[in-house]
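In: Only the shape, not the letters, is given here:
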C-alpha cells in the first residue's frame with residue numbers, strides 16, 4: 001500500500017481540477033461578447049468554434065494516460081499547469097474566429113492531462129477514496145461556478161480577454177507551487193504492475209464497456225448543461241434581468257449548490273453499493289429536464305439547480321469504479337481510454353449546441369437531454385449484479401469497497 005499524498009499536494013491537485021473546468025467554460029460564458037467583437041450576428045454562430053477544445057479534451061486523454069503510467073504523473077501535472085496558463089494567454093491574444101478556434105483547441109489538449117493523471121495521483125493511497133473523489137469533484141465544479149461568476153464580472157468591467165488572462169496567471173503560479181511541494185516519483189506507476197487472472201480481465205472488460213457507454217451519455221449531459229446553462233438563463237430571465245454580472249452570479253450559485261452533491265455521493269460510495277446509488281441519482285435526471293423544458297424565470301432557476309445536482313451527482317461513479325477495480329499501475333491508461341471515448345464523442349454537444357438551439361430552441365434541447373439521461377440509466381442497469389460467492393466480490397460494483405492495495 002502506498003502512502004497518501006501530502007496535504008499541500010492534494011490541495012493543489014484539487015485546485016487543478018477547478019482550473020481545468022473553469023478554463024474550458026470561460027468561452028461558453030463570454031461567447032456573446034466575443035461574437036460581438038468578431039462581427040458575428042449571434043452567439044450561436046460562434047459557439048461551434050469552441051468544439052475543438054472539447055474534442056482534444058477527450059482525444060488527448062489516452063496518450064496522456066499512457067504517459068502517466070509509463071513516464072510519471074508529477075511531470076505531466078507540471079506540463080498541465082504551465083500549458084493551461086500559456087494557452088489561455090494565447091486565446092486572449094486572438095483577433096479572429098479561426099485564431100480563437102486554434103488557441104482553444106490547444107487549451108483543450110493541455111486540459112486533457114488532468115483527469116487521467118490528477119485523479120489517479122490523488123486517490124493513490126487514499127484511505128477513503130470515495131470521499132477523495134467527491135471532494136475533488138466539488139473542486140472541479142466550483143471551477144465551473146468560478147467560470148460563470150468571474151467571467152461575467154470581467155466581461156462587464158474589463159473585457160473578455162481579461163477573463164482568460166487572469167486565470168492564466170493563477171495557473172502559472174499554481175505550477176510553480178506544485179513544483180516546490182509535490183513529492184518526486186522514484187519510479188513510474190507501471191513499475192508496480194501485477195498480472196490479473198483471466199476471469200478478472202473479462203469482468204473488467206464488461207465493467208469498462210458499460211462504464212464507457214454511461215460516461216458518454218453523462219458527458220453529453222455535462223457538456224450540454226455547462227455550456228448552455230448561461231444562455232438558457234439569459235433567455236428565460238429576459239423579463240427579470242439582462243445584467244451579465246447578475247446572471248453570472250445566479251449561474252455560479254447553481255453550480256456551487258450542485259457541486260456539493262459530489263461530496264455527499266463520495267461519502268455514500270465508501271459505504272454503499274455503487275450500482276444502487278448510481279441508478280437512484282440518474283433516475284432523477286429525465287423528469288427534471290422535462291419539467292425545465294417549459295419553465296420560465298425563478299421556476300426554471302429552481303429546476304436548473306435540481307437537474308445540475310443530478311448531473312453533478314452522477315460524475316463520481318466512473319472514477320470510483322476505476323479506483324475500486326483497477327490496479328494503480330494502470331489506472332491512468334484505463335481512465336485515459338474511457339475519457340478519450342466519452343469526452344471525444346461528447347465534444348459533439350459543444351458543436352451541436354448553438355445550431356440545435358437556433359433551429360429548435362432550448363425546450364427541444366432539454367427534451368433531448370431527458371432522452372440521453374434514459375440512455376445512461378439503461379447502460380448502468382447492465383452492470384453485473386451482486387455476486388453470491390465471496391470470491392467474486394472483487395469484480396462486482398455491488399460489493400462495498402475493501403481495504404486493499406488495489407482499492408487504494
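Out: Looks like it arrived, so ask away. Predicted, not measured: the structure shown is a model, and the values here were computed from it.
In: tell me which element residue 241 falls in.
Out: Residue 241 is part of no helix or strand when elements are defined by DSSP states H and E.
In: let me redo that: residue 13
Out: Element membership for residue 13, per DSSP H and E: helix 7-37.
In: packing partners for the very next helix or strand once past that helix?
Out: Next helix or strand after helix 7-37 toward the C-terminus (DSSP H and E): helix 43-46. Applying 3 or more Cβ pairs under 8 Å, 6 or more residues apart in numbering; DSSP states H and E, one finds that helix 43-46 contacts helix 7-37, helix 348-360. All C-beta spots, glycine's among them, are computed from the backbone N, C-alpha and C.
In: ok, now with 10 Å
Out: helix 7-37, helix 97-111, helix 198-236, helix 348-360 (3 or more Cβ pairs under 10 Å, 6 or more residues apart in numbering; DSSP states H and E).
In: Let me see the contact set for residue 136.
Out: 10, 13-14, 16-18, 118-119, 122-123, 126, 262-263, 266, 315-316, 319 (Cβ atoms under 10 Å, 6 or more residues apart in numbering).
In: actually residue 295, not the one I typed
Out: Going by Cβ under 10 Å, 6+ apart, residue 295 touches 236, 301, 302, 303, 304, 363, 366.
In: Now do the phi/psi pair for it.
Out: With angles defined as degrees, to the nearest 10, residue 295 sits at phi -90, psi 150.
In: can you pull the pLDDT of it?
Out: Residue 295 carries a pLDDT value of 91.
In: Tell me how many other residues surround residue 175.
Out: 21 (other Cβ atoms under 10 Å).
In: The helix or strand hosting it to helix 7-37, inter-axis angle?
Out: According to DSSP H and E, residue 175 maps onto helix 160-181. Put simply, helix 160-181 runs at 160 degrees to helix 7-37, going by axes from the mean of the first three to the mean of the last three Cα atoms, to 10 degrees.
In: pLDDT of helix 160-181, averaged?
Out: Confidence for helix 160-181, expressed as mean pLDDT, is 95.
In: Report the buried residues of stretch 51-67.
Out: Neighbour-count burial for stretch 51-67, counted by 16 or more other Cβ atoms under 10 Å, picks out 51-62, 64-67.
In: Return the residues in contact with the closest residue to residue 229 other than its chain neighbours.
Out: Once flanking residues are discounted, residue 229 sits nearest to residue 251: 5.9 Å by Cβ to Cβ, 6 or more residues apart in numbering. The contact partners of residue 251, by Cβ under 10 Å, 6+ apart, come to 29, 144-145, 147-149, 151-152, 226, 229-230, 232-234, 301, 304, 308.
In: again, but for residue 29
Out: 22, 144, 147-152, 154-155, 160, 163, 226-227, 229-231, 244, 247-248, 251-252.
In: And residue 173, by the same measure?
Out: Residue 173 makes contacts with 81, 85, as judged by Cβ under 10 Å, 6+ apart.
In: I'd like to know which of the buried residues of stretch 51-67 is nearest to residue 285.
Out: residue 54 (20.6 Å; Cβ to Cβ).
In: my guess is that closest one contacts residue 109, does it?
Out: No. Contact criterion Cβ atoms under 10 Å: residue 54 and residue 109 do not qualify, at 11.2 Å.
In: and the contacts of residue 295, which of them are in helices?
Out: 236, 301, 302, 303, 304, 363, 366 (DSSP state H).
In: burial of the fifth one, as a residue count?
Out: Same thing as residue 304. Using other Cβ under 10 Å, residue 304 is surrounded by 25 other residues.
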